[in-house]
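A.B. asks: from the sequence below, what's the structure:
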Amino acid sequence: MPSTVEQLSPTRVKITVEVSFTDLKPSMDQAYREIAKSVNIPGFRKGKVPPMVIDQRFGRGVVIQEAFNHSWQGFYTEAISENKLRPLASPDLEVTKLEDGDLIEFTAEVDVRPEFSLPDFGTLSASVDAVEVPEDLVDGQLDLLRRRFGSRETVERAAQDGDVVTINLLATRDGEPLEDATASDLDYTVGSGQMLDGLDEAVTGLSVGESTTFTSTLVGGPYKDELADVEVTVTKVQQQELPALDDDFAQTASEFDTVEELRADTRQKLTAAAAEQQASEARDAMLEDLVGRVEIEVPENLITAELDSRKEQITSQLAGAQLTLAQYLDEVEEGQSEEDFWAGLQDRARQTLKAQMILDKVAEDNACSVDQNDLTQLILGKARQEGASPQQIADHLKEHPHHIDEYMQEIRRGKALDLIVAAATVTDSNGDRIDLSAAPQDDLPMTTEPAQADPD
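C.D. replies: Alright, predicted model coming up:
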């Protein structure tokens, strides 16, 4: 199957493919069969209409079109492989020649990954904060455990930090209650910061029967991520009586015999969590260093598509929060102009695509493969991230099988980043070198953009 490639730009090519009718015949035969099954012609049983009759009734051009629609993807993929091209998007197709019984010629214009060189990964470096677990953090975790085993005593005073209050919540907007945005008889630990932003400050100092109103972003229900005025009413105040932090408590609340063993285990878990966060930050920093060193021309079509997707997401979030972009920028981004905001968004889109192309090339150059165990581990990680069960993630993949390819690509990019990090130098703020080879990787960084506050 002859094919030629014309380089339209460093990132776009036009492929011309000639398909003989010999190669097209299997698809022509299938097209005749499918059409025969779908039509009723007197004198012929359904599905048994001869090709000559179909040509007479519907025109041979219809059959050729059906055959081409069914087969062009395979011919296009073969041409891509023969010419060692790496498409970045779907092609724009055009049939340029049709000689019935002889050949069909079509062209496919497509954005492709340009050629570029990678630096020696051993020259890359990144520095991250050292892992530190202060004792007050350990104490805080142990206090949370003590609260689970503590008792409560109702008190006749205003609520203060550490108390458990029973509250009613009513969310309104412009004075009108929001449907399904109320709650009654909720127990809440003052100072825990675990429900709504601003709730701790609102209930502190309230006595039974007293109410106050604060503005917050809702975290669930039909108005999730939207701003609302929330009225909170305290109906009970309870003082927590916590058990002593001693060996008896350790034996009651854990598998350990002594409080020192419990404290050591708590410290170890906090250290592991901090090390995981450190590893994630190191990978992000390493990828950012690499992206900054590589010159790649990113196809403008891809940048536009990525930017449009991000704009749509942000516009939807702002609409849900009943905010204009100007209001969001004034409140969250300290008065950043809309022009600068969109320019920054475009730059991050470009950096994202650039990072993905680099990781794809590294994966290809090093023959990174993906197996079923890799996919299983990613599903487990996503389930933890999203608070879902692994079965829910697996069921989603069955309903949307094209997402499997996206997951596989994500895994390959993660493996590519592992290779980069293994060869590079990562140090912490104390100057100590960090070995990330055994670090857990639930999050695979695919971009170099910094974390941002969502406009909610």
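
A.B. asks: CA only for contacts and neighbour counts going forward, please
C.D. replies: OK.

A.B. asks: can you give me the strands for this protein?
C.D. replies: Shown for the chain, the strands assigned by DSSP state E span residues 3-9, 12-20, 92-99, 103-111, 125-128, 151-154, 164-173, 176-189, 211-217, 227-241, 425-428.

A.B. asks: could you report the neighbour count for N69?
C.D. replies: Number of residues near N69 (other Cα atoms under 10 Å) recorded here: 12.

A.B. asks: Q313 too?
C.D. replies: By other Cα under 10 Å, 13 other residues sit near Q313.

A.B. asks: what's the spacing between it and I393?
C.D. replies: Using Cα to Cα, to the nearest Å, one gets 22 Å for the distance from Q313 to I393.

A.B. asks: about what we covered before: mind checking the strands of the chain for the one nearest to I80?
C.D. replies: strand 12-20 (8.3 Å; Cα to Cα).

A.B. asks: buried sites along the closest one?
C.D. replies: Along strand 12-20, these residues count as buried under the neighbour rule (16 or more other Cα atoms under 10 Å): 12-20.

A.B. asks: one more: stretch 345-361?
C.D. replies: Here stretch 345-361 shows 345-346, 348-361 as buried, counting by 16+ other Cα under 10 Å.

A.B. asks: got it, and stretch 313-324?
C.D. replies: Along stretch 313-324, the positions that meet the burial threshold by neighbour count (16+ other Cα under 10 Å) are 314-315, 317-318, 320-321, 323.

A.B. asks: could I get the average pLDDT for it?
C.D. replies: Taken as a whole, stretch 313-324 has a mean pLDDT of 80.

A.B. asks: from the chain's centroid, how far away is it?
C.D. replies: Relative to the mean C-alpha coordinate of its chain, stretch 313-324 is positioned 19 Å out (Cα atoms, centre = their mean, to the nearest Å).

A.B. asks: also stretch 33-40?
C.D. replies: Going by Cα atoms, centre = their mean, the spacing between the C-alpha centre of stretch 33-40 and its chain's C-alpha centre is 44 Å.

A.B. asks: what comes into contact with that stretch?
C.D. replies: When contacts are taken as Cα atoms under 8 Å, 6 or more residues apart in numbering, the neighbours of stretch 33-40 outside the stretch itself are 46-50, 54.

A.B. asks: mind checking which of these are buried?
C.D. replies: Buried positions within the contacts of stretch 33-40, assessed by neighbour count (16+ other Cα under 10 Å), are 47, 49, 54.

A.B. asks: could I get the residues you listed as JSON lines with distance to D187 and pLDDT?
C.D. replies: As requested, the buried ones among the contacts of stretch 33-40 are arranged in JSON lines below (distance: Cα to Cα, whole Å; pLDDT from 0 to 100):
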{"residue": "G47", "distance to D187": "68", "pLDDT": "76"}
{"residue": "V49", "distance to D187": "73", "pLDDT": "84"}
{"residue": "I54", "distance to D187": "73", "pLDDT": "87"}
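
A.B. asks: of all those, which comes closest to N69?
C.D. replies: Compare each of those with N69 using Cα to Cα and the shortest gap goes to I54, at 17.9 Å.

A.B. asks: residue contacts, the residue found closest to L118 once you drop the neighbours it is linked to in the chain?
C.D. replies: Spatial nearest neighbour of L118, excluding adjacent residues (Cα to Cα, 6 or more residues apart in numbering): V294 at 6.5 Å. Applying Cα under 8 Å, 6+ apart, we find V294 in contact with 116-119.

A.B. asks: mind doing that once more with 10 Å?
C.D. replies: With contact taken as Cα atoms under 10 Å, 6 or more residues apart in numbering, V294 is in contact with 116-119, 354-355, 358.

A.B. asks: centre of the chain versus the helix or strand bottoming out on mean pLDDT in the chain, how much separation?
C.D. replies: Every helix and strand in the chain was compared by mean pLDDT, DSSP states H and E; the lowest is helix 325-332, with a mean of 79. With Cα atoms, centre = their mean as the basis, helix 325-332 stands 25 Å off its chain's centre.

A.B. asks: between the buried residues of strand 12-20, which is closest to K415?
C.D. replies: Each of the buried residues of strand 12-20 was scored against K415 by Cα to Cα, and R12 proved nearest at 27.7 Å.

A.B. asks: separation between that closest one and E364?
C.D. replies: For R12, the distance to E364 (Cα to Cα) stands at 20 Å.

A.B. asks: separation between A264 and E276?
C.D. replies: Looking at A264 against E276, where the rule is Cα to Cα, the gap reads 18 Å.
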